[in-house]
Structure formats: structure tokens, C-alpha cells
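K.L.:
no sequence for this one, just the structure:
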């Protein structure tokens, strides 16, 4: 009897669905960095304060630059970690699973290793969501998790049941 093959549920190097949100948000930040100052500057020519435009621009650039810079840095770091092979692996049936419902993070345990993540946490890098209650994870599912030393999930595979 042959073992069933693993199906990749998440791979940080090829999952564009979870990187789409940072792409859209970064694009909005760039529009705000270029377009909004032009509007504010034109208002300042009509008697409004140019100082407000400059302070707003500086704040927007610093806060957005640090925030989105971190999101991209973490994503690239996870890809490098996976591609270099510098990660740990846990492979076993899931013994505990709590789906993400509301503001509670998703959490599961495999081979004594517990993983926790939250879909709204863009800055953490790695896997953020598997589908909650309707997703593929459940107690008893046999999975293989590739994760970094900081416990971020880089790749998640699930063994499909024999047919």
C-alpha cells in the first residue's frame, strides 16, 4: 500500500493570494506619498498652511515606509529562509486545532510543536490563514510544516487520504 502524496496548502514563495493585500496597501501608500501632497500644496497656495502639508508628508512617509518596509522585509526573509533550506520540519497528525473565528488567532499543534497566526497580522510574514472552520486543517489531519526558527510557517503540506 503506497502512502498518499502531500498537497501543498501554503508556500510562502508562491502564494500570491496572501501578498495581494500588501501590494494594494503599498500602492495606496505610494499614491498618498505623491498625490495627496500635491493637493495639500495647492490648497496651501490658496491661503492654507504649507506647514501642515509638509508635516503630513513627513508623517505619511515615515509611518508608511516603516510599516510597509517591514511587511516586505518579512516576506522576503521568509522566502530566503525557505529557498536556502534553513528551516525546521514538523510532520505528524494535528493533535489540536483552533480555527480563526473573529479576532481569535488560528492555532494548531503538530508533533508537539504549536503554531499560531492571524490573518490581519501583515507584518509577521509567513502563513496567515488557512480557511478557518471550512479550511483543510482539522484534528487528525496528517501534515508536514516547514517553519523558521522564529516559528513562522514557510510551507504547509497536508497528506490526502488514500482513495
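P.N.:
Alright, I've got the coordinates. Small disclaimer: the values here were computed from a predicted structure and weren't measured.
K.L.:
Just confirm residue 125 contacts residue 152, I think it does.
P.N.:
Yes: at 5.5 Å, residue 125 and residue 152 qualify as touching, with contact defined as Cβ atoms under 8 Å. Every residue, glycine included, has its C-beta placed from N, CA and C.
K.L.:
Quickly list what's touching both of the two.
P.N.:
Residues touching both residue 125 and residue 152 (Cβ atoms under 8 Å, 6 or more residues apart in numbering): residue 78.
K.L.:
For these two, indicate the residue with more neighbours.
P.N.:
Counted by other Cβ atoms under 10 Å, residue 125 and residue 152 do not tie: residue 125 has more neighbours, with 26 against 20.
K.L.:
List the residues that contact the residue nearest to the more buried one when sequence neighbours are not counted.
P.N.:
Counting by Cβ to Cβ, 6 or more residues apart in numbering, residue 125 lies nearest to residue 74, which is 3.0 Å off, once chain neighbours are set aside. Neighbouring residues of residue 74 by Cβ under 8 Å, 6+ apart: 123-126.
K.L.:
Identify the single longest strand in this protein, thanks.
P.N.:
When the chain is parsed with DSSP state E, its longest strand is strand 88-98.
K.L.:
Helix or strand next in line after that one, which one?
P.N.:
Next along the chain after strand 88-98, taking DSSP states H and E as the criterion, comes strand 106-110.
K.L.:
residues in contact with stretch 148-156?
P.N.:
Defining contact as Cβ under 8 Å, 6+ apart, one finds that stretch 148-156 is touched by 8-12, 78, 81-82, 86-88, 115, 117, 124-127, 130, 143-147.
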